[in-house]
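**Q** curious how this folds, go ahead:
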Amino acid sequence: MPTCQKCKSQEAIYAAQIINEEPIFSLPGSHIKAFPVGEVCDDCRIEIKEDHANGLPHPLTAEEMFNLPDWWKDNRGGWENPKVDIRNYRPSICFIWEVSEKSYHRWKSDGGLCQEYQNRFYIA
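**A** Below you'll find the predicted structure:
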């Protein structure tokens, strides 16, 4: 059986799709063929549904990005796990998402660029 594409540890039992900005889950093979599909376990399916109910994840607007610490002034600005000198990047060319705390910690443990700021969680 395939492994969950979100947690990468449990067996995937659902086909997950985003259709009209709504997460849809079905048994593998029963998904809508014209849309991208990922495979997830039951725990991640529940987490995705809860995050969606709370409006997460969502991409930050330009205004929301500029309210985060200025990463180009001190090389990090609170961002963890930078793999390049991020002073060369501007928020206008980077996608930043607000995510749940659980998703943040998973992203951080995988070495992804992330930040906790004012009790909210962001990944890039």
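
**Q** pLDDT weak spots in the chain?
**A** 69-78, 82-94 (pLDDT under 70).

**Q** okay, helices next: where are they in it?
**A** Ranges of helices in the chain, per DSSP state H, are 42-53, 62-66, 71-74, 101-109.

**Q** any chance of the ones you listed in TSV, with mean neighbour count and distance to Ile24 too?
**A** Quick note: C-beta positions are derived from backbone N, CA and C, even for glycine. Shown next, in TSV, are the helices of the chain (neighbours: other CB atoms under 10 Å; distance: least, CB to CB, whole Å):
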stretch	mean neighbour count	distance to Ile24
helix 42-53	16	10
helix 62-66	12	27
helix 71-74	14	35
helix 101-109	17	19
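
**Q** distance to Lys8 added to those, as JSON lines?
**A** Formatted as JSON lines, the helices of the chain follow (distance: least, CB to CB, whole Å):
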{"stretch": "helix 42-53", "distance to Lys8": "10"}
{"stretch": "helix 62-66", "distance to Lys8": "28"}
{"stretch": "helix 71-74", "distance to Lys8": "28"}
{"stretch": "helix 101-109", "distance to Lys8": "9"}
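
**Q** ok, which of those helices comes nearest Cys4?
**A** Taking CB to CB, helix 42-53 is the member of the helices of the chain nearest to Cys4, at 5.5 Å.

**Q** can you tell me what sits against that closest one?
**A** Helix 42-53 has contacts (CB atoms under 8 Å, 6 or more residues apart in numbering) with 4, 6-7, 10, 13-14, 16, 22-23, 25, 40, 57, 99-100, 102-103.

**Q** can you show me the strands along this protein?
**A** Assigned by DSSP state E, the chain shows strands spanning 14-19, 22-26, 38-40, 58-59, 97-99, 114-117, 120-123.

**Q** now do the domain split for the protein, please.
**A** With domains defined by automatic domain parsing, the chain comprises 14-52, 58-123.

**Q** follow-up on the earlier one: adding distance to Ile48 and mean neighbour count, write the strands of the chain out as a markdown table.
**A** As requested, the strands of the chain are arranged in a markdown table below (distance: least, CB to CB, whole Å; neighbours: other CB atoms under 10 Å):
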| stretch | distance to Ile48 | mean neighbour count |
| --- | --- | --- |
| strand 14-19 | 7 | 17 |
| strand 22-26 | 5 | 14 |
| strand 38-40 | 7 | 20 |
| strand 58-59 | 13 | 12 |
| strand 97-99 | 11 | 18 |
| strand 114-117 | 19 | 18 |
| strand 120-123 | 15 | 20 |
